[in-house]
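Student: sequence-free structure coming up:
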């Protein structure tokens, strides 16, 4: 328990929730500044509305969700933004404090959905001295920084594998290509390497893969025994504790979003999301899931707007190389995908540890006042 004095304050004494400003998509100009809605970054704009670092709180939609922006940003009218009194409070501490609070997800007016500002300003919080705020922020920020670094490594590894695929199977600059004759293919109306085939996606994948049941998004948990993979942008959509729906056949495999066109490579037991989630595996195990994954990622489905895309995907033509080239591709890419999975697991462990520490640290149940730690530069810069 905390040894030093923490002060109980209403949120309005610590900060002010300011209204964001409307910025319709048609008025956004391409730029470097993140545009925040209640679900996080939704776009980028050429001009910011608020100087960073700053905090964003969902007002409508994802009510009470909290985000931190190190750089200048543009909060739209579905969120509040915060400019706190930086000579007394550390911005990152305020961010973590709000992120751990359940009171911002509530409203005193059921007739008007959303976060009521006056109500939020009256919520009570315990605030430690600035020195302790900085220590708490440093501990939590170090976790977030590790997660971000691993995420960047995942993106880099995926990009490397994607570049190899495109160089070999789109530009045809595969090992030994100098000695391979190019021949004209009528179906594609272009030249491809001799002895390479062209197939419809529908002819190289299993037609039906039975799951053990699907999980509705409304039934997702924030934490659970089984990760749910669906067609959303997030790699993991949520969790379930129902192990009866766990799917562990044909792994690794590809998950395709019927509406979103999102393609995911999955090599761990998971529960299948209910809406528009298609499971794809090579027919007769003829191709590796790694090759199938990058092949489907490179299929162009942009012309079909918002619709059921799987029916269009099945009719697309793809190029199938010789076995020797396929095997060489797998030798290079399989270890890359394995490393990506290791980093994802590591990030999951880091998130779980951070989320366990978060409420205990910001409420003083774990006392850090006597802890001798070096304060992160990013923590101090959040007060500048």
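Tutor: Arrived safely, thanks for sending. Source: prediction; values computed, not measured. Numbering: from 1, shown residues only.
Student: check contacts around the residue nearest in space to the middle of the chain.
Tutor: The residue lying closest to the centre of the chain (CA atoms, centre = their mean) is residue 234, at 4.1 Å. Applying CB atoms under 8 Å, 6 or more residues apart in numbering, we find residue 234 in contact with no residue. Placement of C-beta: from N, CA and C, glycine included.
Student: any idea how far it lies from residue 154?
Tutor: Applying CB to CB, to the nearest Å, the value for residue 234 to residue 154 is 13 Å.
Student: do the same with residue 18
Tutor: 35 Å.
Student: Residue 259 now?
Tutor: Distance, residue 259 to residue 154, by CB to CB: 24 Å.
Student: do the same with residue 353
Tutor: Counting by CB to CB, the gap from residue 353 to residue 154 is 19 Å.
Student: on contacts alone, who are the packing partners of whatever helix or strand residue 162 lives in?
Tutor: Assigned by DSSP states H and E, residue 162 belongs to helix 130-169. In terms of contacts (3 or more CB pairs under 8 Å, 6 or more residues apart in numbering; DSSP states H and E), helix 130-169 is packed against helix 91-99, helix 289-297, helix 323-362, helix 377-381.
Student: Out of the ones you listed, which one sits most buried?
Tutor: helix 91-99 (a mean of 25; mean count of other CB atoms under 10 Å).
Student: I'd like to check the angle between that one and helix 130-169, please.
Tutor: Orientation check (axes from the mean of the first three to the mean of the last three CA atoms, to 10 degrees): helix 91-99 against helix 130-169 gives 80 degrees.
Student: Report the buried residues of whichever helix or strand comes after helix 91-99.
Tutor: Beyond helix 91-99 on the C-terminal side, the first helix or strand identified by DSSP H and E is helix 117-121. Residues of helix 117-121 classed as buried: 117, 120 (neighbour count, 16 or more other CB atoms under 10 Å).
Student: Quick check: what element follows helix 117-121 along the chain?
Tutor: Later in the chain than helix 117-121, the nearest helix or strand by DSSP H and E is strand 124-127.
Student: Please enumerate residues in contact with that following strand?
Tutor: With CB under 8 Å, 6+ apart, strand 124-127 has contacts from 6-11, 14, 89, 97, 101, 133, 363-364.
Student: Give the pairing partners of it; include direction for each.
Tutor: Using DSSP bridges, the strands paired with strand 124-127 are strand 7-10 (antiparallel).
Student: Which of residue 259 and residue 154 has more residues huddled nearby?
Tutor: Higher neighbour count among residue 259 and residue 154: residue 154, with 19 against 15, using other CB atoms under 10 Å.
Student: if I look at that one, how far off is residue 337?
Tutor: Between residue 154 and residue 337 the computed distance is 10 Å (CB to CB).
Student: now the helices and strands packed on helix 130-169 in a markdown table, with distance to residue 50 and mean pLDDT?
Tutor: A markdown table is the format used below for those (distance: least, CB to CB, whole Å; pLDDT from 0 to 100):
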| stretch | distance to residue 50 | mean pLDDT |
| --- | --- | --- |
| helix 91-99 | 12 | 94 |
| helix 289-297 | 36 | 96 |
| helix 323-362 | 23 | 95 |
| helix 377-381 | 16 | 76 |
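Student: related to what we said a few turns ago, from the chain's centroid, how far away is whichever helix or strand comes after the helix holding residue 162?
Tutor: Next along the chain after helix 130-169, taking DSSP H and E as the criterion, comes strand 182-185. Counting by CA atoms, centre = their mean, to the nearest Å, strand 182-185 is centred 41 Å from the centre of its parent chain.
Student: same deal with stretch 5-24?
Tutor: 27 Å.
Student: Span of it from start to end?
Tutor: 46 Å (CA to CA, to the nearest Å).
Student: same deal with stretch 300-311?
Tutor: In stretch 300-311, first residue to last residue: 13 Å (CA to CA).
Student: hmm, back to that, quick check: the residue nearest to the centre of the chain is in a helix.
Tutor: No. Assignment of residue 234 by DSSP: H, G, I helix; E, B strand; the rest coil gives coil, placing it outside any helix.
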